[in-house]
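> My questions are about this predicted structure, shown below with the sequence.
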Amino acid sequence: MVTQPIHMACFFRRRIASKLSRCLGLPEDTFISALCAIPVSKKQQSPDFRLSVKALLSKGILPDNGDLEAQTKTLANQLQQDDVVEEIFAGRGVIHFRVSRIQLVQKVLEQSRKERDKFGMKSELLKGLKKGTTVVEFSSPNIAKKFHAGHLRSTIIGNFIANLKGSLGNNVIRMNYLGDWGMQFGIYSNTRACVLQVYVQVNREAENDEAVEQAGREFFRQLEQHEQHAMALWRQFREITVSEYRKVYKRLGVHFDVYSGESFHQKQAQEVVLRLQTQGLLKTTEKGTGVVDLSPSGDMSNYSTLLRSDGTSLYITRDLAAAINRKEIHNFDEMIYVTDKSQGNHFQQLFQILLAMGHLWAERCQHVPFGLVQGMKTRLGEVVFLEDVLDEAQARMLRNMSQAKTTKEMDDPEDTAEKVGISALIIQDFKGPLVSDYKFDWDRILQAQGDTGVFLQYTHARLCSLIRLHGEEDTVNPSLLLDQRSVLIMQHLLRYDEVLYQSACDLQPKHLVNFLMTLSHLAASAHRHLPVKGSPQAVAQARLQLFSCVCTVLANGMRILGITPVEKM
Ligand code: ARG
């Protein structure tokens with residue numbers, strides 16, 4: 001006998017696939033990926049799974065006789081119902097399956113009780129994803145330059161990708177690649193003042209004053225020559241900035257395994273240049289710069305500059321060296337870079353040059369681009385430091401919370417406000433496709449209702465307090481959870497592995513965000529209509545079990561997104 005898969009959705013999928021397999025004489029696995037759990041709808045009770053016959057035909061798995069509707073009907077009629085798959089019927093090019101409500105409730109609750117923070121992770125679907133070592137390079141701010149909203153986006157998106165990959169069983173290396181080498185140091189050294197206070201001022205001066213700009217260039221030249229005085233100053237700036245950033249990352253709940261940076265790869269950049277020369281890939285132009293021609297026909301319609309005429313390296317030169325070095329050190333299976341979309345071309349060129357050099361692993365390097373955030377301001381004006389944004393989120397949240405009555409019971413309202421404020425930032429940022437631009441609006445993101453991080457946290461906290469108040473039982477009678485609201489929640493939870501799968505494939509958090517939002521709305525409605533207090537003991541216990549399950553999945557999902565779930569608010 002084949003052992004039954006433990007994962008709930010897999011159990012049902014297998015069950016359906018085995019029917020198809022028997023009927024069509026093809027292996028079960030053929031059908032697993034063609035079956036998907038159906039998103040719940042508020043209007044009607046929908047069936048649980050759907051098989052796309054159309055997809056099977058277009059993939060050539062089934063012979064196409066030209067009449068999709070008839071073919072779908074015939075197949076649906078051939079499949080036998082049983083006590084698990086209770087209903088099978090044809091739709092437009094799809095077959096619908098409804099599974100036993102009792103079994104559904106039982107399987108979902110059982111899984112949540114057994115797996116807790118690993119809920120859903122044992123799914124066959126997720127096990128089928130490629131595992132290995134993943135380098136995620138993210139955040140990567142520039143030392144001695146202004147922080148911008150893009151760095152916050154990179155930080156939270158990269159953290160999400162690292163969390164997701166990690167929870168799926170990859171060995172993840174979280175890397176911060178600091179922009180710690182370049183002209184900006186030259187500009188700062190001339191002011192001889194604390195770097196953190198002169199960030200903005202000096203940039204403005206350099207924009208208008210040729211002399212400051214020139215002095216900066218000269219200082220960077222000294223740096224590239226490793227002159228002692230210049231190096232000492234540079235080291236000081238780097239240390240101050242990194243320690244400031246560490247504090248902010250801690251507030252965000254983000255950590256890095258490696259702090260690297262452009263400065264680490266100067267020597268190696270020269271080696272890369274030499275290597276490109278011997279490979280005949282580097283050309284010297286009339287102006288004396290070193291370039292690689294990337295155009296298909298060799299007419300320089302697409303090229304990349306790797307050396308300035310004074311022999312200094314560029315951003316891309318250091319990136320080439322860094323990538324090769326990371327492959328040597330970490331032997332990664334894949335590498336993911338998270339930056340704003342304006343760097344798309346840079347990364348295309350980077351991967352192209354690596355491939356031209358014979359580094360075939362560049363095929364498994366990927367750039368995850370994101371769009372611009374407009375209008376991220378604080379009450380003090382323009383955002384200069386990452387910290388400003390976090391302070392503002394916390395202050396505003398604290399003010400909103402002080403108007404609610406529950407705040408008094410909180411042990412540490414500041415801490416809660418910070419966590420909830422950060423959730424608001426993250427959810428707002430993750431709702432749409434990452435590559436889209438969006439307008440930032442404090443009032444909207446901090447609303448307690450609607451699809452916000454605040455609502456998510458609020459739902460979670462309410463469920464937590466319910467469980468705190470009543471405790472929960474180990475086993476319950478599933479037949480007490482056959483009402484419409486409970487079943488909708490169970491159906492929705494069936495989709496969890498598919499949602500994670502989608503996010504793992506395209507690295508977009510929106511699938512998981514939408515899933516958690518719907519779960520919160522379903523739970524909020526259930527919480528209103530399915531009272532625990534005052535219900536007969538057995539019913540109360542069953543409902544508590546349901547809420548506890550939702551609470552667990554909400555918390556797990558939030559953690560993957562990089563949100564710390566709060567238990568009181
Ligand atoms: N420091 C860069 C910036 O702020 C981002 C670095 C991205 N990573 C890379 N390997 N180039 O624009």
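Here it is on my side, so go on.
> where's residue 236, which helix or strand?
Using DSSP states H and E, the element containing residue 236 is helix 228-252.
> Look through this protein and state the residue closest to the ligand.
Of all residues in the chain, the one sitting closest to the ligand is residue 179 (3.3 Å; Cβ to the nearest ligand atom). The C-beta positions use only the backbone N, C-alpha and C, and glycine is treated the same way.
> Spit out the contact partners of the residue nearest to that residue when sequence neighbours are not counted.
Take residue 179 and drop its neighbours on the chain: the residue closest to it by Cβ to Cβ, 6 or more residues apart in numbering is residue 142, 3.2 Å away. Neighbouring residues of residue 142 by Cβ atoms under 8 Å, 6 or more residues apart in numbering: 178-180, 182, 184.
> hmm, try it at 10 Å
By Cβ atoms under 10 Å, 6 or more residues apart in numbering, the contact list for residue 142 reads 148, 151, 178-182, 184, 241, 261-262.
> quick revisit: where does the residue of the chain closest to the ligand fall, phi/psi-wise?
Taking degrees, to the nearest 10, you get phi -80, psi 80 for the backbone angles of residue 179.
> Quick check: pLDDT value at it.
Residue 179 carries a pLDDT score of 91 in this model.
> Could you do residue 184 as well?
With respect to pLDDT, residue 184 has a value of 63.
> One more: residue 302?
For residue 302, the model assigns a pLDDT of 94.
> Next: residue 201.
As predicted, residue 201 sits at a pLDDT of 56.
> Tell me the gap between the helix holding residue 236 and the middle of its chain.
27 Å (Cα atoms, centre = their mean, to the nearest Å).
> so what secondary structure elements neighbour the helix or strand following it?
If you walk from helix 228-252 toward the C-terminus, the next helix or strand you reach (DSSP H and E) is strand 258-261. Judged by 3 or more Cβ pairs under 10 Å, 6 or more residues apart in numbering; DSSP states H and E, strand 258-261 is in contact with strand 133-137, strand 171-178, helix 228-252, helix 315-330.
> now the helix holding residue 236 and strand 171-178, what's the angle there?
130 degrees (axes from the mean of the first three to the mean of the last three Cα atoms, to 10 degrees).
> List the buried residues of helix 228-252.
Neighbour counts over helix 228-252 (16 or more other Cβ atoms under 10 Å) mark 230, 233-234, 237-238, 241-242, 244-245, 248-249, 252 as buried.
> would you turn those into JSON lines with pLDDT and distance to residue 433?
As requested, the buried residues of helix 228-252 are arranged in JSON lines below (pLDDT from 0 to 100; distance: Cβ to Cβ, whole Å):
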{"residue": "230", "pLDDT": "85", "distance to residue 433": "44"}
{"residue": "233", "pLDDT": "84", "distance to residue 433": "43"}
{"residue": "234", "pLDDT": "84", "distance to residue 433": "39"}
{"residue": "237", "pLDDT": "81", "distance to residue 433": "37"}
{"residue": "238", "pLDDT": "86", "distance to residue 433": "35"}
{"residue": "241", "pLDDT": "82", "distance to residue 433": "32"}
{"residue": "242", "pLDDT": "86", "distance to residue 433": "32"}
{"residue": "244", "pLDDT": "84", "distance to residue 433": "32"}
{"residue": "245", "pLDDT": "88", "distance to residue 433": "28"}
{"residue": "248", "pLDDT": "90", "distance to residue 433": "27"}
{"residue": "249", "pLDDT": "94", "distance to residue 433": "26"}
{"residue": "252", "pLDDT": "96", "distance to residue 433": "22"}
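> JSON lines please, covering those residues and showing distance to residue 552.
Shown next, in JSON lines, are the buried residues of helix 228-252 (distance: Cβ to Cβ, whole Å):
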{"residue": "230", "distance to residue 552": "55"}
{"residue": "233", "distance to residue 552": "52"}
{"residue": "234", "distance to residue 552": "48"}
{"residue": "237", "distance to residue 552": "45"}
{"residue": "238", "distance to residue 552": "42"}
{"residue": "241", "distance to residue 552": "39"}
{"residue": "242", "distance to residue 552": "37"}
{"residue": "244", "distance to residue 552": "36"}
{"residue": "245", "distance to residue 552": "33"}
{"residue": "248", "distance to residue 552": "30"}
{"residue": "249", "distance to residue 552": "27"}
{"residue": "252", "distance to residue 552": "24"}
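> and of these, the nearest to residue 560?
Closest approach to residue 560 among those (Cβ to Cβ): residue 252, at 15.0 Å.
> Was I right to think that closest one contacts residue 160?
No - in this structure, residue 252 is not within contact of residue 160 by Cβ atoms under 10 Å, at 11.7 Å.
> Where does residue 490 sit: helix, strand or coil?
With DSSP: H, G, I helix; E, B strand; the rest coil as the basis, residue 490 sits in helix.
> With residue 456 as the reference, measure out to it.
Computed as Cβ to Cβ, to the nearest Å, the residue 490 to residue 456 distance reads 20 Å.
> Next, work out how far apart the residue nearest to residue 179 and residue 245 are.
Distance of residue 142 to residue 245, given as Cβ to Cβ: 11 Å.
> wait, what's in contact with residue 136?
By Cβ under 10 Å, 6+ apart, residue 136 lies in contact with 157-166, 170, 172-175, 256-257, 332, 334-338, 368, 507.
> In helices, which of those fall?
Secondary structure assignment by DSSP state H places 157-166 of the contacts of residue 136 in helices.
> Tabulate these (TSV), appending neighbour count.
Listed next are those as TSV, based on neighbours: other Cβ atoms under 10 Å:
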residue	neighbour count
157	27
158	26
159	25
160	27
161	26
162	28
163	20
164	22
165	24
166	15
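> Could you single out the nearest of these to residue 104?
Of those, the one sitting nearest to residue 104 (Cβ to Cβ) turns out to be residue 164, at 26.6 Å.
> Just list the residues touching the closest one, thanks.
With contacts defined as Cβ under 10 Å, 6+ apart, residue 164 is in contact with 134, 136, 170, 172, 500, 503-504, 507, 509, 512, 560-562.
> Give me the buried subset of the residues you listed.
Buried among the contacts of residue 164 (16+ other Cβ under 10 Å): 134, 136, 170, 172, 500, 503-504, 507, 509, 512, 560-562.
> Could you tell me which residues of the stretch 51-200 of the chain lie near the ligand?
Where the stretch 51-200 of the chain comes near the ligand, counting by Cβ under 6 Å from any ligand atom, the residues are 137, 140-142, 177, 179.
> May I see those residues arranged in CSV, with distance to residue 85 as well?
As requested, these are exported to CSV (distance: Cβ to Cβ, whole Å):
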residue, distance to residue 85
137, 46
140, 50
141, 53
142, 57
177, 51
179, 56
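> By neighbours, which of the residues you listed wins?
Greatest neighbour count in these, by other Cβ atoms under 10 Å, goes to residue 137: 26 neighbours.
> can you tell me how far that one sits from residue 319?
10 Å.
> which residues do these two both contact?
Counting by Cβ under 10 Å, 6+ apart, the shared contacts of residue 137 and residue 319 are 177, 337.
> List the backbone torsions phi and psi for residue 360.
phi -70, psi -20.
> picking up where we left off before, so which of the buried ones among the contacts of residue 164 comes closest to residue 21?
Nearest to residue 21 among the buried ones among the contacts of residue 164, counting by Cβ to Cβ, is residue 500 at 25.7 Å.
> Centre of the chain to the helix or strand that contains that closest one, how far?
Assessed by DSSP H and E, residue 500 sits inside helix 496-506. Centroid separation between helix 496-506 and its chain, computed with Cα atoms, centre = their mean, is 11 Å.
> how many neighbours does residue 92 have?
Neighbourhood size, residue 92 [other Cβ under 10 Å]: 9.
> Please apply the same query to residue 473.
Residue 473, neighbours per other Cβ under 10 Å, totals 14.
> helix/strand/coil for it?
Secondary structure state of residue 473, per three-state DSSP, is coil.
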